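Engineer: Next comes the sequence, and after it the predicted model I'd like to discuss.
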Amino acid sequence: MFPRIALLIVALLCVLSNSTRGCSVPVFRYGLEHWTPDVYEGLVFHRGELTADQKALVEKFDPASTNTPPVNLKLRTIDLDQPDSSEWKTVWESFNEQRLPWLVVRPEPRTGINWMRFSMPFDQTALDKLVNSPARRSIVERIANEDSVVWVLLESGDKEADQKAADTLDTRLKYLAGVLKLPELSEADIANGLVSVGAEGLKLKFSSIRVSREDAKEDAFVDMLLSTEDDLKEINAPMVFPIFGQGRALYTLVGNGINNETIDQAAIFLVGSCSCEVKDQNPGVDLLMTEDWAKLVSDQAETTTNVAKADDKEIAPPESFQPETVTFSPKNDESAAPTSVSPAPKFNLMIPVVAILAFVAWALMRNRS
């Protein structure tokens, strides 16, 4: 696993390097426009010929298929009766499963994420839950509606702990939406195609949703979130996953780690200028999502081009920002006041602090080794 402390170092160094590199596009927007999601590999184990319906299901996930909305999953079939399947038999036997056909899904080996695997019957119902769910549709819709980051709170089942985490998250997000400032887009970055919208089309907007581990419709999504790091399944605590770009989970805030400081760190990184433009040099794991991201970005650019802005005042937290459960019914909690701890709105003032934090994080990780 790429340790969480190492993710923090990468995030801090990316912010720090902003003083010497020129990209002015916020990380969340650069990720949406340029970071194509990693593809998951689906291995369909079977014996003998697949049925016509099963073959059609395999073809449905062919990257060249135009029959369905794009999804970052490709399937390959492995006939265990064929001699060339011998290299896969150890993988198949490791699941101790007798039913066939059977689907095993994993990130592509190039990602280095070797602990994440999903195993299920190979049928339409299982695949539908694997690649889509109500919570993921909500995430896509919010990003399409120009949410900068969607913060997913995965509940633990402990109502008191879950509510505390939700209150902390939502109160802080409302505060940050009022004090953080977007980088000033440079005309050169717009002209060079680093961003498809101008400053008038770039919004700072946070929202959150709550997902229950007991929701059967979210089984696959919950399993995926808990697999973004190799030890999360062992922890029974509320967790927060900041999701941005084309369905990328930044990293995980867990239990008491869901606090103002860690929320600030994640938000500042995602709102700050994208200094590390290569996706693999940034923290995060791409999730399985069904969406035509290129069309989404194109539609946003067309909309912002055609719609004149009525005013140019400071962006305040939108009225639509409310914590929601997976049934997506809004809640309203205005009782908690923001704390006095606040991030500096101008990122260049944070450079000395970032340098110190990066050194401390490096020292801590070195002591662990």
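Structural biologist: That came in fine, so what should we check first? Every value quoted in this text rests on a predicted model; they were computed, and no experiment measured them.

Engineer: And the strands in the chain?
Structural biologist: In the chain, the strands defined using DSSP state E lie at 40-46, 73-79, 102-107, 118-121, 149-154, 206-211, 239-244, 248-249, 253-254, 285-286.

Engineer: Of all these, which one comes closest to residue 134?
Structural biologist: strand 206-211 (9.3 Å; Cβ to Cβ). Bear in mind the C-beta positions are built from the backbone N, C-alpha and C, glycine included.

Engineer: Show me the shaky parts of the stretch 201-350 of the chain.
Structural biologist: For the stretch 201-350 of the chain, residues meeting the criterion pLDDT under 70 lie at 276, 305-350.

Engineer: mind checking how far the closest residue to residue 298 other than its chain neighbours is from residue 226?
Structural biologist: Sequence neighbours aside, residue 196 is the residue nearest to residue 298 in space, at 7.5 Å (criterion: Cβ to Cβ, 6 or more residues apart in numbering). Using Cβ to Cβ, to the nearest Å, residue 196 is found at 34 Å from residue 226.

Engineer: and if you look at residue 132?
Structural biologist: Taking Cβ to Cβ, one finds residue 132 at 18 Å from residue 226.

Engineer: tell me how far the lengthiest helix in the chain is from the chain's mean position?
Structural biologist: Assignment by DSSP state H gives helix 159-179 as the longest helix of the chain. Mean C-alpha position of helix 159-179 versus that of the full chain (Cα atoms, centre = their mean, to the nearest Å) differs by 19 Å.

Engineer: what do you get for stretch 111-124?
Structural biologist: Distance, centroid of stretch 111-124 to centroid of chain: 18 Å (Cα atoms, centre = their mean).

Engineer: What is the end-to-end distance of that stretch?
Structural biologist: End-to-end distance of stretch 111-124: 27 Å, with Cα to Cα, to the nearest Å as the criterion.

Engineer: Save the strands of the chain as CSV, and put in distance to residue 297 and mean neighbour count too.
Structural biologist: Shown next, in CSV, are these (distance: least, Cβ to Cβ, whole Å; neighbours: other Cβ atoms under 10 Å):
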stretch, distance to residue 297, mean neighbour count
strand 40-46, 22, 21
strand 73-79, 21, 17
strand 102-107, 24, 20
strand 118-121, 28, 16
strand 149-154, 16, 24
strand 206-211, 19, 24
strand 239-244, 13, 25
strand 248-249, 14, 22
strand 253-254, 28, 22
strand 285-286, 16, 23
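
Engineer: Now tabulate the ones you listed in JSON lines and tack on distance to residue 292.
Structural biologist: Shown next, in JSON lines, are the strands of the chain (distance: least, Cβ to Cβ, whole Å):
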{"stretch": "strand 40-46", "distance to residue 292": "17"}
{"stretch": "strand 73-79", "distance to residue 292": "14"}
{"stretch": "strand 102-107", "distance to residue 292": "21"}
{"stretch": "strand 118-121", "distance to residue 292": "23"}
{"stretch": "strand 149-154", "distance to residue 292": "18"}
{"stretch": "strand 206-211", "distance to residue 292": "22"}
{"stretch": "strand 239-244", "distance to residue 292": "18"}
{"stretch": "strand 248-249", "distance to residue 292": "16"}
{"stretch": "strand 253-254", "distance to residue 292": "30"}
{"stretch": "strand 285-286", "distance to residue 292": "16"}
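
Engineer: Go through these and name the closest to residue 302.
Structural biologist: strand 239-244 (21.5 Å).

Engineer: Break the protein down into its domains, please.
Structural biologist: In terms of domains, the chain is parsed into 4-36+134-368, 40-107 (source: automatic domain parsing).

Engineer: Specify the beta-bridge partners of the residue lying closest to residue 262 once chain neighbours are set aside.
Structural biologist: Spatial nearest neighbour of residue 262, excluding adjacent residues (Cβ to Cβ, 6+ apart): residue 253 at 5.1 Å. Per DSSP bridges, the residues bridged to residue 253 are residue 240.

Engineer: Give me the distance between the nearest residue to residue 202 once chain neighbours are set aside and residue 293.
Structural biologist: In this structure, residue 202 finds its nearest non-sequential neighbour in residue 182, 5.9 Å apart by Cβ to Cβ, 6+ apart. According to Cβ to Cβ, residue 182 and residue 293 sit 21 Å apart.
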